[in-house]
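S.K.: quick check, what structure comes out for this input:
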Amino acid sequence: MNAIKISDKQLICEYLDGSQTSLERLIHRHQDKVFAYILMIVRDKQLADDIFQDTFIKVINTIRAGSYKEEGKFIQWVMRIAHNLIIDHFRKSRRLPLFDNSHEDFDIFETIKFTDPSIEERIVTDQIHQDVRVLIEHLPAEQKEVLYMRHYYDMSFKDIAEQTGVSINTALGRMRYALINIRKLIKEKEVVLTV
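M.R.: So this is what the prediction gives:
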């Protein structure tokens, strides 16, 4: 007997109609790929298990709440959730104390990193940069222009003023308002910009 493969969309609809088996099939279909991705990044099986479970809890809660928007890309959506949870984990773990200096033989040089950033640090840093670029897109055009010129092209305010045809004070003011607006957006959208 040939089994016809039911689409992810159909399984989600069946689950919403009360079929627990459809949810199990959906998870079983994608679990290996999702778990392998998480494990590849975190390199710790127990941590990968935890993030994997958190990923599917979030998936299930989102589907139950009716917030999942079907665009034919279910697995990409699940992978994005997993990716965001990995980043959240690394951000939180960076806030915890990394050493215990209560011993007399404590040596600060043993805690300083002399190596390149780890893959986790690079992922979190890349995500922070992406989040900042998204926030910048919400700024008014004049503020966005000054911010790009100053931070991405390393231009002086004198050069920015000449390039945009405004006074230095106007360029400085636009930069000031850009930073104020970015801070407001960070607070409104609850964006975490720390490694």
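S.K.: His138 in helix, strand or coil?
M.R.: Classification of His138 by DSSP: H, G, I helix; E, B strand; the rest coil places it in coil.
S.K.: contacting residues around the closest residue to it other than its chain neighbours?
M.R.: Distances taken as C-beta to C-beta, 6 or more residues apart in numbering place Leu185 nearest to His138, at 5.7 Å, with adjacent residues excluded. The C-beta positions use only the backbone N, C-alpha and C, and glycine is treated the same way. Leu185 sits next to 135, 138, 191 when contact means C-beta atoms under 8 Å, 6 or more residues apart in numbering.
S.K.: give me the buried subset of the residues you listed.
M.R.: Buried members of the contacts of Leu185, counted by 16 or more other C-beta atoms under 10 Å: Leu135.
S.K.: which one of the contacts of Leu185 is nearest Met149?
M.R.: Of all those, Met149 sits closest to Leu135, with 17.0 Å by C-beta to C-beta.
S.K.: tell me which element the closest one falls in.
M.R.: helix 119-136 (DSSP states H and E).
S.K.: low-confidence regions, the chain specifically.
M.R.: Applying pLDDT under 70 to the chain flags residues 1-3, 94-118, 192-195.
S.K.: walk me through the domains of it.
M.R.: Taking automatic domain parsing as the criterion, the chain consists of the domains 8-95, 117-189.
S.K.: quick one: the helices in the protein?
M.R.: Taking DSSP state H as the criterion, the chain contains helices spanning 8-16, 20-42, 45-64, 74-95, 119-136, 141-147, 157-164, 168-189.
S.K.: what comes up buried for the helix holding Leu135?
M.R.: Buried residues in helix 119-136, defined by neighbour count with 16+ other C-beta under 10 Å: 120, 123-124, 127-128, 131-132, 135-136.
S.K.: which of these sit farthest apart?
M.R.: By the measure C-beta to C-beta, Glu120 and Ile136 form the most distant pair in the buried residues of helix 119-136, at 24.9 Å.
S.K.: list the residues that contact the residue lying closest to Ile60 once chain neighbours are set aside.
M.R.: Spatial nearest neighbour of Ile60, excluding adjacent residues (C-beta to C-beta, 6+ apart): Leu23 at 7.0 Å. By C-beta under 8 Å, 6+ apart, Leu23 lies in contact with 11, 15, 60.
S.K.: just the buried residues of these.
M.R.: Neighbour-count burial (16+ other C-beta under 10 Å) applied to these gives 11, 15.
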